[in-house]
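Engineer: sequence first, then the predicted structure:
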Amino acid sequence: MPLFSYTAVNQEGVLIRGVVEGSDPDQASESITSSGLYVIEVRKAVSYIASLRKRLLAPRIKRVAVIEFANNLSVMLRAGVPLLNALTDIAETTEEKYFRDIIFEIRNMVSFGSSFSDALDQQKNIFPNILIRLVRTGEETGSLDNTLSEVAGHLQRIEDLVAAVKRAFVYPAFALVTTGGALIFWLVFVLPRVLVAFTEMGVELPLATQILLAISNFISTYWYIFLIAPVCMLLIIRILKKQRKTSYYVDRTKLHIPVFKHIIYNRLLALFCEQLRILIVAGITIDRALTITADVIGNEVFRVAIEDIVKEVTAGNKISDSMRKHGVFPPMLVRMVDVGESSGVLDEQFVFLSQYFLKRLDDISEKIGKVLEPMIIGVIGVVFLFVIVSLLFPVYDLVIQIGE
């Protein structure tokens, strides 16, 4: 859908600029007006620039704030508070100004006759797609309070999932950055001066020291490569991820990286089970739930497998039989799904599986530091041993020359 840049003012008279989607300028203007703003100007924007601008201008709202919003709204609706009053009360007690303004915009749209789900849909950059879909389902079934409670629990599990992954990478990242920085400092600032002193004294540098000096000169001369290379690698990976064929091989490679493959694989399994759990509990059909899960799984290998499962399930095959054909799903998961299908309690099975893989991921994230710690210490020790030995050789030669 085309993107339109707009200039508008809110009810307080504050000038607001942003980007909105719409089939034409009139629809874009209606969308802006329905959010409680007064349109000044609307014009079609260049898609790439507008998309970038939309991301840059989008408020950075943490997932924790969205979880709190969904949970508080669920509690107030269950207590019998009308939706408009509940949104007003939540907005007035929200500390984050951006989020407070967004909630007031949603409240205004609802008061103008829009459905709650449509109002949330106008804020896709803040509210996850799963929340919008399930709220729409809750409105249709008349169980919005229960749906919001389930969504809050789901988002909290996803937050725990992200936190577990971050914990696993904190120590390796910290160790590599600090030791790498110290090593570069030695090679660029300290080592050249020491080696120059040895050269002036007429000490013949051994091979190890010459190698170290060559590394030092290379880093000092081409230091910018170490800044540009990570950025280029990131851009290349993102470009490869844009194409489904290359993205498939990139994601498959991630699943085979030593040590880290356990984190990546269990994260994907936990996300797969948790996503299906919340969708099945909400009453969404299994084929639709699998389709939604394929869109948000974030790994092309799993996406291809899930899309194939959808085709087979639509043709009348069992989910477990379809999953068994793909090696990405462990036997335990397939057996649990098979039992759930046979007994009619598939939602309960996914509740157990979701908790199981989340717990497993949490355990792995705690153990990963203990596994990587000796490996990192060993590598760092070898590097600094090489540096020290390379410096001691010239000192030894110098002592011998003085003794003679």
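Structural biologist: On my side now, so go ahead.

Engineer: give the phi and psi angles for Ala315, as a check.
Structural biologist: Dihedral angles of Ala315 (phi, psi; degrees, to the nearest 10) stand at phi -80, psi -10.

Engineer: can you give me the distance of it to Asp321?
Structural biologist: When distance is defined by Cβ to Cβ, to the nearest Å, Ala315 is 11 Å away from Asp321. (Each C-beta comes from the backbone N, C-alpha and C, glycine too.)

Engineer: now do Val190
Structural biologist: In terms of Cβ to Cβ, Val190 sits 64 Å off from Asp321.

Engineer: what segments of this protein are strands?
Structural biologist: Counting by DSSP state E, the chain has strands at residues 3-9, 15-21, 38-44.

Engineer: now the first one: mean pLDDT?
Structural biologist: Averaged across strand 3-9, pLDDT comes to 76.

Engineer: how about the strands of the chain, which one is nearest Thr178?
Structural biologist: Closest to Thr178 of the strands of the chain, according to Cβ to Cβ: strand 15-21, at 40.2 Å.

Engineer: how far does that closest one sit from its chain's centre?
Structural biologist: Its chain's C-alpha centre and that of strand 15-21 lie 26 Å apart, by Cα atoms, centre = their mean, to the nearest Å.

Engineer: tell me how the chain divides into domains.
Structural biologist: 3-57, 63-156, 190-404 (automatic domain parsing).

Engineer: okay, those, which one's buried deepest?
Structural biologist: domain 63-156 (a mean of 18; mean count of other Cβ atoms under 10 Å).

Engineer: next, the distance between the ends of it.
Structural biologist: The straight-line separation of the ends of domain 63-156 (Cα to Cα, to the nearest Å) is 8 Å.

Engineer: roughly how far out does that domain sit from the chain middle?
Structural biologist: The chain centroid and the centroid of domain 63-156 are separated by 22 Å, computed with Cα atoms, centre = their mean.

Engineer: now do that domain, average pLDDT.
Structural biologist: On average, the pLDDT along domain 63-156 is 86.

Engineer: sorry, back to before: between the domains of the chain, which one is closest to Tyr171.
Structural biologist: Proximity to Tyr171, assessed across the domains of the chain by Cβ to Cβ, is greatest for domain 190-404 (4.4 Å).

Engineer: how about low-confidence regions in the stretch 251-400 of the chain?
Structural biologist: 369, 395-400 (pLDDT under 70).

Engineer: which stretches of it form helices?
Structural biologist: Assigned by DSSP state H, counting those that start in this stretch, the stretch 251-400 of the chain shows helices spanning 260-281, 286-296, 300-314, 319-324, 331-343, 346-403.

Engineer: could I get the strands of the chain in a markdown table, plus columns for distance to Thr209?
Structural biologist: What follows is the strands of the chain, written out as a markdown table (distance: least, Cβ to Cβ, whole Å):
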| stretch | distance to Thr209 |
| --- | --- |
| strand 3-9 | 59 |
| strand 15-21 | 58 |
| strand 38-44 | 64 |
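
Engineer: among these, which is nearest Ser216?
Structural biologist: Nearest of the strands of the chain to Ser216, taken as Cβ to Cβ: strand 15-21 at 48.8 Å.

Engineer: partners of the closest one in the sheet?
Structural biologist: Strand pairing for strand 15-21, determined by DSSP bridges: strand 3-9 (antiparallel).

Engineer: relative to strand 38-44, how tilted is the strand it pairs with?
Structural biologist: 160 degrees (axes from the mean of the first three to the mean of the last three Cα atoms, to 10 degrees).

Engineer: format the CA atom coordinates belonging to strand 3-9 as PDB.
Structural biologist: What follows is strand 3-9, C-alpha atoms only, in PDB (Å, rounded to 0.1, in the frame of the first residue of the first chain):
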ATOM      1  CA  LEU A   3       2.800   5.700   1.800                       C
ATOM      2  CA  PHE A   4       1.900   9.300   2.400                       C
ATOM      3  CA  SER A   5       3.700  12.000   4.300                       C
ATOM      4  CA  TYR A   6       1.500  14.300   6.300                       C
ATOM      5  CA  THR A   7       1.500  17.500   8.400                       C
ATOM      6  CA  ALA A   8      -1.200  17.900  11.000                       C
ATOM      7  CA  VAL A   9      -2.000  19.400  14.400                       C
END
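
Engineer: gap between that strand and the chain center?
Structural biologist: Between the centre of strand 3-9 and the centre of its host chain there is 29 Å, according to Cα atoms, centre = their mean.

Engineer: with stretch 259-278 instead?
Structural biologist: 13 Å.
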